[in-house]
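Chemist: sequence unavailable; structure follows:
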């Protein structure tokens, strides 16, 4: 199966249910690879009773078996490595200099970096990003759930690739 040249980097995602949902969206979007970094939980392939595996599987619905993934402790090093390979880095974060996600011309291959549910993408990674993108918020809250935001952004990226 030919996968889209899109990588996803999870920078300290704390909720295992979000991780599972990110797996599921990654499968639906047919991304190249998912990198789970820092405190982000990951399934333990040989231990299906491990608590992290059980919680991730609840929302992943089997996508943890179909999406190529890897656990990497240091997200910054992984992003640096991807950049060295010529992969464009897009950080999904609501910063003052971020561009609206649907007004960016994405270059491929690319990586989309997702951050901690309350702290966001780390400043070290934002500094490495080729672009910081955001989804506009019209209500009183300043962000969406990380997985919902991921789904919106990754499908915009894929729309441009097609």
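Modeler: Ah, there it is. Here the structure is a predicted model, which means the values were calculated and not measured.
Chemist: what's in contact with the lowest-mean-pLDDT helix or strand in the chain?
Modeler: Counting by mean pLDDT, DSSP states H and E, the chain has its least confident helix or strand at helix 51-60, which shows a mean of 82. Contacts with helix 51-60, where a contact means CB atoms under 8 Å, 6 or more residues apart in numbering, come from 16-21, 23-24, 41-44, 47-48, 64. Glycine gets a C-beta too; all of them are placed from N, C-alpha and C.
Chemist: for the next helix or strand after that helix, the averaged confidence score.
Modeler: For helix 51-60, the succeeding helix or strand toward the C-terminus, using DSSP states H and E, is helix 63-66. Across helix 63-66, pLDDT averages out at 91.
Chemist: and helix 63-66, how far out from the chain middle?
Modeler: 15 Å (CA atoms, centre = their mean, to the nearest Å).
Chemist: stretch 72-82 now?
Modeler: The answer for stretch 72-82 is 13 Å, by CA atoms, centre = their mean.
Chemist: what's the helix or strand for the closest residue to residue 18 other than its chain neighbours?
Modeler: Computed as CB to CB, 6 or more residues apart in numbering, the closest residue to residue 18 that is not its neighbour in sequence is residue 147, at 5.0 Å. Residue 147 belongs to helix 146-161 when assigned by DSSP H and E.
Chemist: what about the helices in the protein?
Modeler: 16-29, 51-60, 63-66, 75-84, 123-128, 146-161 (DSSP state H).
Chemist: what about the first one, distance to the chain center?
Modeler: Average the C-alpha atoms of helix 16-29, do the same for its chain, and the two points are 9 Å apart (CA atoms, centre = their mean).
Chemist: no more questions from me, cheers.
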